[in-house]
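A.B. asks: Return atomic coordinates for the entry below.
(chains A and B)
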Amino acid sequence: MSMIKLEEDVSLVLCGEAGQGIQSVENIMVQALKMGGYHVFSTKEYMSRVRGGQNSTQIRASSKRVKAYRDRIDILVALSKGAIPHLEKRITENTLILGDEEVLQDLEEKYYNLLKAPFISKAKKLGGLIFSNVIAAGALSCIMGVDKEIFDELITLLFASKGEKILENDLKAGVEGYDIGKKILDSGRISIKIEKNPATGKEILINGTQAVGLGCISGGCKFISAYPMTPSSPLQVFMADNASEFEMVFEQAEDEIAALNMALGASYAGARAMTATSGSGFALMQEGVGLAGMIETPVVIYIAQRPGPAVGLPTRTAQEDLNLALYSGPGEFPRIIFAPGNFKDALELSHKSFNLAEKYQIPVFILSDQYMADIYYNLPSLDIEKLEVEDYIFETDTDYKRYLFTPDGISPRGIPGYGQGLVCVDSDEHDEEGHITEDLNLRTRMVDKRLKKMDKIRKEAVPGEFFSTSNSSAYTTLIMGWGSTYWPLKEALLEMDNDNLALLHLKQLYPLSSQAGELIKKAKKSVMFENNAQGQMAQLIQKETDLKIDHKVLKYNGMPFSVEEILAVLETLEEE
Amino acid sequence: MDPEIFEMENADIAWCPGCGDFLILKALKQALADLELGPEKLVLVSGIGQAGKLPHYLKSNVFNGLHGRSLSPATGIKASNPDMVVIDVSGDGCMYGEGGNHFMHTIRRNPDITNIVLNNMVYGLTKGQASPTSQIDFKTPFQVDGVFEEPFNPLAVAITLGASFVARTFAGDIPHMVEVLKKAIEHKGYSLVDIFQPCVTFNKVNTFTWFKENTYLMDDTHNPYLKIEALKRALEGNDGEGKFPLGIFYIKKGHPTFEENLSVYKKDKTPLFRRKVDKNKLKNLIDSKRGL
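C.D. replies: Numbering: from 1, shown residues only, chains lettered A, B, ... in the order given. All right, here's what the predicted structure looks like:
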C-alpha cells in the first residue's frame, strides 16, 4: 500500500452495473472538471442491456489537452462487485480502488491498493442505490479540487427538471460525496498535482456525435429519416432535438429501407437529406444506395460502425463496415467515403459531405463508430465561419433534361416545382430525359456519364493529415490510421517523440487522395492500424495505389486502441 | 383543362394490347385535367412492375424508384415540398407484397398523397406468378396446385389502420374511375384507390367479364364516414361469397396530415429547398456547449 502521486494527467474510471447511473457521473464529471479548469476527455464502454452487467467510463483530467483512450487507471471507483474482475487487466498496484466495504471485502490488500469509501451505504441512507452516482461524482470532484459551488450548480442544472424532492436529495448526495472525498484526501494515500487553467471553463465540451451533427446542420441538412440503431441513435436524437430550431424534418422511418428511400424522395424535391444507421441497418439500405447511384440524387449516409457481422456486439466499437460502404448497392457508380478522426474533421467533413453530394449528385458516406460517437473532450471552439452551403440546384426551362450529357458527366440538377421544366428520375436505365430505355448504346453512355464524375471527385479528394514530431519528411516508418484511431495514434506518436516515425491519418477513404501513395512510397516501412480483422483500409490502399502496406495492426475485440497498446507496437517496430 | 396536356409524344408504351392500364391512364389524365392540375404541379411516384411504368406515359415530374418502395420517396417529396401534388402509382405486387411494411406505415403517417394501386391479382412483369391479392385456387407456374393463401384485403387493412380515404374502382368503368380519382386527389391526407384491372395476358380467370360479374357499385345507402360500415363493405366479396363493392368506402374527416404535424410547417409553408442555414443560431448552439 503506497502513496499515489498523480501529476499533470489523471485517469479516473467508474464502473458499475447498468442502471446505477454511470452515465450521469460521466456527464457531471466532465462538466465539473472542465469548469474546474482542467482539460478533460471521456469514453465509455457498456453492455447491450438495460440493467445489470458491468459498464465503465474513463475520465481523464489534465493540464494539457487529452483526447484519447488509455488503459491506465489511476483512480477506480467500483460501484459493484463485478467492477474489479471486469477491469482486471487494467488494474495495477498504482491503481487506487475506492469502494464500499462489501465491494472490496474479498480483495487482498497485497495485490490491490484499496481504500474504503461508503458510496453505496450512504446512498441507501439517502433513499436508494441510485444516489451512489452523485456521491461518487462528489467524492471525485472533491479529490480533484473542483469548487463545491460549481458542482452544486451542475447538479441543479441536471436534476432540476426531475422535481424539487429529487434535486434536494441529489444535492445532499453531493455533500456526502465531498465529505468522502475530503476523508480520502486526509488519508494521505493520494496526492494530485495538476495545473489548472481557468480558460478551459469557457471552452466548448462536445462529443463526436454532436460534432458530426453540427456539421450536418451547417451543411444545410433539412431532412433526416432514420431507424434507431446503436451507435447511430445519438445522432438521430441530436438531429431530432434540433429539427425545429433549424427548420429540418426528422422522421423515424418504419425500417432502414424506408429511411433511405424517404431521404431520396426529399432530396429529389430539393431538400438536403440524410439518413443515419449502423452496420446491419446499413445492409438493408444497400438497395437504396443503388437507387441514389442510378437516379443521381444526392444523399448523405452516416454509418456509426459497431462490430458485426449481423447484430455483432451492439454497443462496442469497430471499423468493419468500410467494405460494406465501398461496395454497397448493385452496379457501378461513384461515391465518396469520409471518416473523421477528430471533432474539427467531423464538423468540416460532415459539412462537406452535403456540398459534395449535391455537386456530384451521389451518395456520400460519413463513417464513424461507437468510440468516436461517444467520446467527449473540450476544445476552444468550432469555427463555422468558412462553412458555406454551395448551391447546385438549377432553375429549369421547358426543355429541361435531367440526365443531359455533359463533358464532366454532371448534368444540371433541377427539382420539381422550381422552373418550367419537368424532372424525371428513373431507377431503370434511362435516356437524357429520364425515361426508361433498353437502348444498349445509350446504356453504355449513361454508365460512362455517371462514372466520368469520378475524375473530378478524385482530383478534389481531401488529403490525409500528415504529422511527424520532427516536422520533417525524413521519416522511415509511416504509421497510418483512419477515423477514430486519430487521437490514440497521435498521442502515442507524441510520446514516442521519434524522428523516424510519421503519421498519416486518412480522412477521405474513397476515392483516395494521391498524397497517400506519395507518402507511402517515401517510407521504408508502412504500418496500418485498424479496428477490423482483415485490414480493409490497407486493402483499399493497395487497390487504389498498387502499394502494399508492410504491417497491419488489427484489433477487433470491440474496444478501441489504447495509447499504451499503440506505444507497445511502435516500440516493437523500432526493435525490428 | 384538356387531358391532351398530359400526352407524352413518342412514348414507347410497354403494356400489352387490351391491357386495363390504358384505361386507367386515360381516366387519370381526365381527372387531373378536370382538377386543373398541370404537369408542373404534379409528381408521379412509382415502384416496379407494369403499373410502375405509368408515370412514364403521363407528362409530369416523375420519380420511378424501387420495387415496393414508392411510398417512402412519395412521403419524402411531399414533406419537403407540400406545394406539389404527389400521386403514387403502383401495382398489387409492388404495394401489397414487396411494399407491405411501407403501405402499413404510410397509412399511419397520413401524408397528403394519393396512392393508386392497379390491382390485377397477378404478377404481370415477371410472367404470371400469384400476387398477394390472387384469389384462392388461382393456378400459376409457381403456384402449381393453386393459391391457398388468404388473399390480402387492402381496403380492410387500410380502414383498420385509419387511412383517411379508402376507395375501389374498376378499369372497365372510366367515368367511375375519374370520379373516384378526383375525390381521392382532392382529399387532404393519405388516400387509397385500389383499381381492379384485368391482366389480359397472365390472368385468364379475373377477366373484364369476371370483374363485371363480381362487382357492384355502392349506392347512397353507404355512409363513408362510418368506420365499421366501411369495414363491413370492405369484407364483402372475400371468401368467394357475394360481390366486391366499388366506390368510396371510407373518409375520415379532420385527420391531420403528416406535413401538418411537422413543426417546420407550423408557421411557415415554405418548401425546404428554399430554407437556408441560420449561422447565428448555429453559433448559439455551439456556444451553448460552453457550460453553465
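A.B. asks: make it CA atoms for all contacts and neighbour counts henceforth
C.D. replies: Fine.
A.B. asks: Next, find the distance separating A:Phe529 from A:Asn500.
C.D. replies: Distance, A:Phe529 to A:Asn500, by C-alpha to C-alpha, to the nearest Å: 17 Å.
A.B. asks: more neighbours, these two?
C.D. replies: Taking other C-alpha atoms under 10 Å in any protein chain shown, A:Phe529 and A:Asn500 do not tie; A:Phe529 has more neighbours (22 against 18).
A.B. asks: Surely the more buried one is in contact with A:Met480?
C.D. replies: Yes. The pair A:Phe529 / A:Met480 is scored as a contact, 6.1 Å apart, by C-alpha atoms under 8 Å.
A.B. asks: What's the local residue count around whatever residue of the stretch 151-292 of chain B ends up closest to chain A?
C.D. replies: Across the stretch 151-292 of chain B, no residue is closer to chain A than B:Arg290, which sits at 4.1 Å (C-alpha to the nearest C-alpha). With neighbours defined by other C-alpha under 10 Å, the count for B:Arg290 comes to 21.
A.B. asks: Then B:Glu213?
C.D. replies: B:Glu213: 11 neighbours (other C-alpha under 10 Å).
A.B. asks: does any part of the host helix or strand of B:Ile77 sit near chain A?
C.D. replies: Secondary structure assignment for B:Ile77, by DSSP states H and E: helix B:71-80. Yes. Interface with chain A: helix B:71-80 contributes B:Ser72, B:Pro73, B:Ala74, B:Thr75, B:Gly76, B:Ile77, B:Lys78, B:Ala79, B:Ser80 (C-alpha under 8 Å from any C-alpha of the partner chain).
A.B. asks: Quick check: residues of the stretch 101-250 of chain B near chain A?
C.D. replies: So far as C-alpha under 8 Å from any C-alpha goes, the stretch 101-250 of chain B lies against chain A at B:Asn101, B:His102, B:His105.
A.B. asks: most neighbours, which of these?
C.D. replies: Counting by other C-alpha under 10 Å, top hit in these: B:His102 with 22 neighbours.
A.B. asks: Run a quick check on that one versus B:His67, I expect a contact.
C.D. replies: No. Using C-alpha under 8 Å, B:His102 is not in contact with B:His67, being 11.4 Å away.
A.B. asks: Output the below-cut-off pLDDT ranges for the stretch 451-576 of chain A.
C.D. replies: Residue ranges of the stretch 451-576 of chain A with pLDDT under 70: A:471, A:576.
A.B. asks: By proximity to chain B, which residue of it wins?
C.D. replies: Closest point on the stretch 451-576 of chain A to chain B, by C-alpha to the nearest C-alpha, is A:Leu451, at 20.6 Å.
A.B. asks: Now do the buried residues in the helix or strand hosting that residue.
C.D. replies: Assignment of secondary structure by DSSP H and E places A:Leu451 within helix A:440-459. Neighbour-count burial for helix A:440-459 flags A:Met446, A:Val447, A:Lys449, A:Arg450, A:Leu451, A:Lys452, A:Lys453, A:Met454, A:Ile457 (criterion: 16 or more other C-alpha atoms under 10 Å in any protein chain shown).
A.B. asks: nearest to A:Met29, of the residues you listed?
C.D. replies: A:Ile457 (43.6 Å; C-alpha to C-alpha).
A.B. asks: buried subset of the residues of helix B:71-80 next to chain A?
C.D. replies: B:Ser72, B:Pro73, B:Ala74, B:Thr75, B:Gly76, B:Ile77, B:Lys78, B:Ala79, B:Ser80.
A.B. asks: Same list (the residues you listed) but as a markdown table, adding pLDDT.
C.D. replies: Formatted as a markdown table, these follow (pLDDT from 0 to 100):
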| residue | pLDDT |
| --- | --- |
| B:Ser72 | 98 |
| B:Pro73 | 98 |
| B:Ala74 | 98 |
| B:Thr75 | 98 |
| B:Gly76 | 98 |
| B:Ile77 | 98 |
| B:Lys78 | 98 |
| B:Ala79 | 98 |
| B:Ser80 | 98 |
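A.B. asks: Would you mind listing the two of those that lie farthest apart?
C.D. replies: B:Ser72 and B:Ser80 (12.3 Å).
A.B. asks: how deep is B:Glu9 tucked in, by neighbour count?
C.D. replies: B:Glu9: 9 surrounding residues under other C-alpha under 10 Å.
A.B. asks: before we move on, what about B:Ala156?
C.D. replies: 19.
A.B. asks: Confirm it sits in a helix?
C.D. replies: Yes. Counting by DSSP: H, G, I helix; E, B strand; the rest coil, B:Ala156 is located in a helix.
A.B. asks: From B:Arg108, how far off is the residue nearest to it when sequence neighbours are not counted?
C.D. replies: Spatial nearest neighbour of B:Ala156, chain neighbours left out: B:Ala234 (5.3 Å); criterion: C-alpha to C-alpha, 6 or more residues apart in numbering or on different chains. Computed as C-alpha to C-alpha, the B:Ala234 to B:Arg108 distance reads 19 Å.
A.B. asks: Among the two, which residue is more densely surrounded?
C.D. replies: B:Ala234 (25 against 17).
A.B. asks: Contact partners for residue 201?
C.D. replies: In the absence of a named chain, this looks at chain A. With contact taken as C-alpha atoms under 8 Å, 6 or more residues apart in numbering or on different chains, A:Gly201 is in contact with A:Lys34, A:Met35, A:Gly36, A:Gly37, A:Tyr38, B:Arg290, B:Gly291.
A.B. asks: meant chain B actually
C.D. replies: With C-alpha under 8 Å, 6+ apart, B:Thr201 has these contacts: B:Cys16, B:Gly124.
A.B. asks: Cheers, nothing more for now.
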